[in-house]
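1. make a model of this:
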Amino acid sequence: MKIKRRGLMLVLSSPSGAGKTTLSRLLLESDPNVAMSVSATTRPKRPGEIDGRDYFFIADEKFQRMIEAGEFLEHATVFGHRYGTPREPVQEALTAGRDVLFDIDWQGTQQLRQQVREDVVTIFVLPPSRAELERRLHTRAQDSAEVVAKRMAKANDEISHWAEYDYVVVNDDVARAQARVETILLAERLKRGRQPGIPAFVETLTRGS
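-> Next up, the predicted model:
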C-alpha cells in the first residue's frame with residue numbers, strides 16, 4: 001500500500017571541489033523521486049551548460065526584481081555573482097510528494113531553514129584532506145589558477161559552518177559517500193511527520209477492533 005507523504009528539501013553543501021555536485025548527479029540518476037532544484041544566477045554560462053537545466057541565466061536587474069517580489073526561497077552572492085532558488089516549483093514538488101535536491105552554500109541553507117524549517121534536511125560534504133581538495137579543483141580544469149586559489153582561500157570559511165548541518169559526510173570514496181547520502185534520505189522520508197497518510201493507514205489497521 002502506498003502511503004501519502006510530503007516531499008522534503010535535501011541540501012548538499014560543501015567547499016568547491018569536495019564532491020557535492022557529483023553526489024547530487026548520482027542521487028538524481030539512482031532515485032526518480034528526487035528532482036534537482038534549478039537556481040537562477042547572474043553568472044555567465046560555462047561550456048556545456050544549458051539554460052533551464054543547469055541554471056536559469058538571468059540579468060542582474062531581473063534577479064533584483066525577483067528578490068523584491070519575494071520569488072526566491074533563498075539567494076546569495078558567491079564570487080561576485082548572484083544565485084537564488086525560485087519558490088514556486090519547489091513548493092509544487094513538495095506538495096506532490098517529490099523530494100527536491102539543493103546544491104547550495106551555508107548562506108542559502110540558513111535562509112531555507114528560516115522559511116521552511118520542517119521541510120529541510122541538510123548534509124555537509126567534507127573532502128578527506130585539504131591536499132585532495134586542491135587536487136580536485138585543479139583536475140576539474142574549469143577554472144583558472146587564480147580562481148582555484150580563491151576557492152581554496154574560501155574553503156576555510158565554508159568548512160567552518162559544518163556544525164550547522166544535520167549530517168556530515170566525508171567524501172573519501174564516492175560510492176561510499178553516495179550510499180550514506182541515500183541512507184540519510186531514506187531515514188528522513190520515513191519520519192512520522194513527513195507521512196501525512198499514516199493516520200488514515202493506521203485507521204484501516206484498527207478499524208473494527
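2. just the helices in this structure please.
-> Under the criterion DSSP state H, the chain contains helices at 20-30, 60-68, 87-95, 106-116, 130-140, 145-159, 174-189, 198-206.
3. could I get the ones you listed as JSON lines with distance to Asp51 and mean pLDDT?
-> All C-beta spots, glycine's among them, are computed from the backbone N, C-alpha and C. Formatted as JSON lines, the helices of the chain follow (distance: least, CB to CB, whole Å; pLDDT from 0 to 100):
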{"stretch": "helix 20-30", "distance to Asp51": "18", "mean pLDDT": "94"}
{"stretch": "helix 60-68", "distance to Asp51": "13", "mean pLDDT": "96"}
{"stretch": "helix 87-95", "distance to Asp51": "15", "mean pLDDT": "91"}
{"stretch": "helix 106-116", "distance to Asp51": "21", "mean pLDDT": "90"}
{"stretch": "helix 130-140", "distance to Asp51": "22", "mean pLDDT": "77"}
{"stretch": "helix 145-159", "distance to Asp51": "22", "mean pLDDT": "81"}
{"stretch": "helix 174-189", "distance to Asp51": "28", "mean pLDDT": "97"}
{"stretch": "helix 198-206", "distance to Asp51": "41", "mean pLDDT": "91"}
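4. can you pull up the most central residue in the protein?
-> For the chain, the residue nearest the mean C-alpha position is Phe102 (1.9 Å; CA atoms, centre = their mean).
5. could you dump the helices of the chain to JSON lines with mean neighbour count and distance to Phe124?
-> Listed next are the helices of the chain as JSON lines, based on neighbours: other CB atoms under 10 Å; distance: least, CB to CB, whole Å:
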{"stretch": "helix 20-30", "mean neighbour count": "17", "distance to Phe124": "9"}
{"stretch": "helix 60-68", "mean neighbour count": "13", "distance to Phe124": "26"}
{"stretch": "helix 87-95", "mean neighbour count": "15", "distance to Phe124": "21"}
{"stretch": "helix 106-116", "mean neighbour count": "18", "distance to Phe124": "8"}
{"stretch": "helix 130-140", "mean neighbour count": "15", "distance to Phe124": "14"}
{"stretch": "helix 145-159", "mean neighbour count": "14", "distance to Phe124": "8"}
{"stretch": "helix 174-189", "mean neighbour count": "16", "distance to Phe124": "11"}
{"stretch": "helix 198-206", "mean neighbour count": "10", "distance to Phe124": "30"}
